[in-house]
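> Here is a sequence together with a model predicted from it:
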Amino acid sequence: MEGGPSYRLQRRLGLIKQESPYLARRAALSVLVTWFPLLILSAVEGLAIGHKVRIPFLLDFAAYARSLVAIPLLILAEGPIEWHLTKVATHFLHAGLVPEHNYPDYESTLKRAGRRRDSVLAEVVLLGLAVASAYVVRNEFPFHFSTWRSLTVDSTPMRTWAGWWYLCVTTPLFQFLFWRWLWRLFIWYAFLWRMCRLDLRLVPTHPDREAGLGFVGDGQRFFWSIIVAYSVAAAGVLSNEILYAGVSLRRYGFALAGYVVVVLLVFLGPLLMFTPAMIKAKLESLHDYGAFAVTHNLMFHGKWVQGENPKGEPSLGTPDISSLADLGNAYEVLDRMRPIPFDPSDAIVLGLAAVIPMMPLLLTVMPLGQIIDLVSKTLI
């Protein structure tokens, strides 16, 4: 994350220092830029609270979700994701997975990722997408009735001053951060793609049961903050639809289920690029360890079962028995190796990040008491 035109601009403005990204300060500043102007403008127009419009500003869930949670979280996520992805990228080398003859390819892969991150053209396109999205919806209004964002006069909606600020500042900032994260995710997957094309020294008997690549899936977990940010923004929009427009949550049942599936496909699906190499490594090791086990076990059988013990060694405490057990354990780990570089717990973390922000919406179709009763019954 420490690169790119927007990063350099923030450094020039003093928002980022060499020794600290000032994540909390920048997140707080985003609230000052997006939420507080909306509060002031809507208050001046008499639309912050009261019954002048059906959705006053202080009762708009989408405004809270986007300005107070989603945008700050997209900024705060830079720190932990930067740290963990750096660890994952360097672990390929430090763990010995990259053979020496692939060192130049590894270095070139890092440099290519850096060039993509620092691309001026890329961020200009992202900014263009953010501005274009606001321009496209300039004549679109979420509701046919008056809200703090637009007043409906003679069936014609007219955007308020707060509505214009929301359209021209809050929405583009959210869109830009969202698109930039997708671009960074693409850069990360491009890096992993080039890594999986190297002659990685996979270890099918590794204790992680993922040929030593379990750290890749563990790194993906930390994208939970990005998922939560988008899920909160979506939950805010759905809350308005349900509470103010009378739309039932059941109408979005399949969409929400599909959303969780899409999240898992986006954040874990690309890791399947390692699967062919992992399957190949597992099959080759099964053959190699199988052949070695035959030779080893025949020698053990001949020495200790059939009595072919020329030195007359005592069987009690012999390392041969430990060797037999260790070989069996290694083969069992090999046989249970998963051909994917992540485990179910990674999918659970990301799935919960998508689902938990949506949970309060259940209160619109089921009272809190019934939800607590249902949860307690499932635990008994």
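In hand now; what should we look at? Numbering: from 1, shown residues only.
> For the stretch 201-350 of the chain, give me the ranges with low pLDDT.
By pLDDT under 70, the weakly predicted segments of the stretch 201-350 of the chain are 296, 300-322, 324-326.
> what do you get if the cut-off is 80, keeping everything else the same?
Within the stretch 201-350 of the chain, the set of residues satisfying pLDDT under 80 comprises 289-331, 333.
> and what of the stretch 1-150 of the chain?
Along the stretch 1-150 of the chain, the model assigns pLDDT under 80 to residues 1-3, 15, 18-21, 137-142.
> how about the strands in it?
150-153 (DSSP state E, counting those that start in this stretch).
> Can you give me the domain boundaries for the protein?
5-268+345-379, 281-335 (automatic domain parsing).
> and these as JSON lines, adding distance to residue 274 and mean neighbour count?
Every residue, glycine included, has its C-beta placed from N, CA and C. Converted to JSON lines, these look like this (distance: least, CB to CB, whole Å; neighbours: other CB atoms under 10 Å):
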{"stretch": "domain 5-268+345-379", "distance to residue 274": "5", "mean neighbour count": "17"}
{"stretch": "domain 281-335", "distance to residue 274": "10", "mean neighbour count": "12"}
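> Pick out the residue closest to the middle of this structure.
With distances taken as CA atoms, centre = their mean, the residue of the chain nearest its centroid is residue 223 (2.5 Å).
> Quick check: closest non-adjacent residue to that residue.
residue 267 (5.3 Å; CB to CB, 6 or more residues apart in numbering).
> Quick check, that neighbour in contact with residue 353.
No. Using CB atoms under 8 Å, residue 267 is not in contact with residue 353; the gap is 9.2 Å.
> Need the residues touching each of the two.
By CB atoms under 8 Å, 6 or more residues apart in numbering, residue 267 and residue 353 have these common neighbours: residue 227.
> ok, the closest residue to residue 281 other than its chain neighbours to residue 329 distance?
Excluding its sequence neighbours, the residue lying closest to residue 281 (CB to CB, 6+ apart) is residue 202, at 4.2 Å. As for residue 202, its distance to residue 329 is 19 Å (criterion: CB to CB, to the nearest Å).
> Including distance to residue 275, could the domains of the chain go into a markdown table?
What follows is the domains of the chain, written out as a markdown table (distance: least, CB to CB, whole Å):
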| stretch | distance to residue 275 |
| --- | --- |
| domain 5-268+345-379 | 9 |
| domain 281-335 | 10 |
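> picking that back up, for the residue nearest to residue 281, what are its contacts?
Residue 202 sits next to 97, 211-213, 277-278, 281 when contact means CB under 8 Å, 6+ apart.
> Same question for residue 73.
By CB under 8 Å, 6+ apart, residue 73 lies in contact with 27, 225, 228-229, 232.
> got it, and residue 229?
69-71, 73-74, 77.
> Ok, residue 285 next?
Residue 285 neighbours (CB under 8 Å, 6+ apart): 204-205, 334.
> Verify the stated contact: residue 361 with residue 235.
Yes. Using CB under 8 Å as the test, residue 361 is close enough to residue 235 to be in contact (6.3 Å).
> ok, back up a step: for residue 222, see how far away the residue nearest to residue 223 is.
10 Å.
> Check residue 128 too.
Going from residue 128 to residue 222 by CB to CB gives 29 Å.
> now do residue 64
25 Å.
> any idea which of the contacts of residue 202 is closest to residue 160?
The closest of those to residue 160 turns out to be residue 213 (CB to CB; 52.8 Å).
> circling back to that earlier point, is it possible to export the contacts of residue 202 to CSV including distance to residue 44 and secondary structure?
CSV is the format used below for those (distance: CB to CB, whole Å; DSSP: H, G, I helix; E, B strand; the rest coil):
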residue, distance to residue 44, secondary structure
97, 60, coil
211, 62, coil
212, 61, coil
213, 57, coil
277, 61, helix
278, 61, helix
281, 66, helix
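> Span of stretch 49-68 from start to end?
Taking CA to CA, to the nearest Å, stretch 49-68 runs 18 Å from one end to the other.
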